[in-house]
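Asker: 3D model of this:
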Amino acid sequence: MEKTQRSPRISRPTRLLNLQKNNFPVLPTNGFRDMKKLVSLHLQSSRIKEISTGAFRGLKSLVYLYLSDNQISVIKQGAFDDLSELTYLYLDQNKIPDLPKGLLSPLLKPGAFNVENLAVLHLDKNQLSSYPVNAMSKLRVLEELKLSHNPIEVIPDNAFQSFGRYLQTLHLDNMKLQKVSPFLLLISNTGLDSLLFRALSSLSISPRRGIQAFPLASRAS
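Answerer: Numbering: from 1, shown residues only. The predicted structure follows:
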């Protein structure tokens, strides 16, 4: 039986911590709480299955969080507590089935404007069966969103309502999309630099508010 590794003790002034290719099935509560100056945390390929409530508590300076290529299927409410400076969040290549309402709320900065820093969110290659609109609705300044390789069938009308004017890169390739909100077309005409639709079939965009529907041809990868 393979031995589970514990998070090592690291000096408080550490700014970058690379723990890639370890064996951390569960990220425990307060596992990094003494590393208050940490800016970048790398936990890729570490066999993580569950992120506990308060797993990153104390990391108030964290900007980069890499959780790619794990086996994450459970993210407890409060897992992202204290991450109000987080700007880049990589959760791709996991087994995440859903993002519950309020999961990303700790990313919001306290104060009158209540705005987060999160600009890049990668959720591609997971098991999302529906667009996590309740978790995403509080985001305001998201610039890059990757949802590729998820079995999502419908992108709802209000999917990008809160951050659409900032969105520059959106990847929706290799999904099970049957319906996309017509408001996606409005976004594509107002500053979206990279809109990736690949391996789509029978996708219909219903006309609404004067937007003309048209067939979207599939493109080879």
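Asker: would you map the strands across the chain?
Answerer: 16-18, 26-27, 40-42, 50-51, 64-66, 74-75, 88-90, 120-122, 144-146, 154-155, 169-171, 179-180, 194-196 (DSSP state E).
Asker: now tabulate these in TSV and tack on mean neighbour count and distance to Pro106.
Answerer: Using the backbone N, CA and C atoms, a C-beta is placed for each residue, glycine as well. Formatted as TSV, the strands of the chain follow (neighbours: other Cβ atoms under 10 Å; distance: least, Cβ to Cβ, whole Å):
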stretch	mean neighbour count	distance to Pro106
strand 16-18	13	20
strand 26-27	19	15
strand 40-42	18	15
strand 50-51	22	13
strand 64-66	19	12
strand 74-75	19	12
strand 88-90	20	12
strand 120-122	20	14
strand 144-146	20	19
strand 154-155	18	25
strand 169-171	20	24
strand 179-180	18	30
strand 194-196	13	28
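Asker: quick check: which of those strands is nearest to Lys101?
Answerer: strand 74-75 (12.5 Å; Cβ to Cβ).
Asker: which residues are contacting that closest one?
Answerer: With contacts defined as Cβ atoms under 8 Å, 6 or more residues apart in numbering, strand 74-75 is touched by 49-51, 96, 99-100, 103.
Asker: again with stretch 94-108
Answerer: 67-73, 75, 77-84, 86, 114-118, 123, 125-130, 132, 134-136, 138-139.
Asker: how far out from the middle of the chain is it?
Answerer: 8 Å (Cα atoms, centre = their mean, to the nearest Å).
Asker: with just CA atoms, put that stretch into CSV.
Answerer: C-alpha atoms of stretch 94-108 as CSV (Å, rounded to 0.1, in the frame of the first residue of the first chain):
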residue,chain,number,x,y,z
ASN,A,94,-10.0,16.1,-12.6
LYS,A,95,-13.3,14.3,-11.8
ILE,A,96,-15.3,17.3,-10.6
PRO,A,97,-19.0,16.7,-11.1
ASP,A,98,-20.3,20.1,-10.0
LEU,A,99,-19.3,23.4,-8.4
PRO,A,100,-21.9,24.1,-5.6
LYS,A,101,-23.4,27.5,-5.0
GLY,A,102,-21.1,29.7,-2.9
LEU,A,103,-18.0,27.6,-3.5
LEU,A,104,-16.2,30.6,-5.2
SER,A,105,-17.6,33.2,-2.9
PRO,A,106,-14.5,33.4,-0.6
LEU,A,107,-12.6,34.7,-3.7
LEU,A,108,-14.6,38.0,-3.4
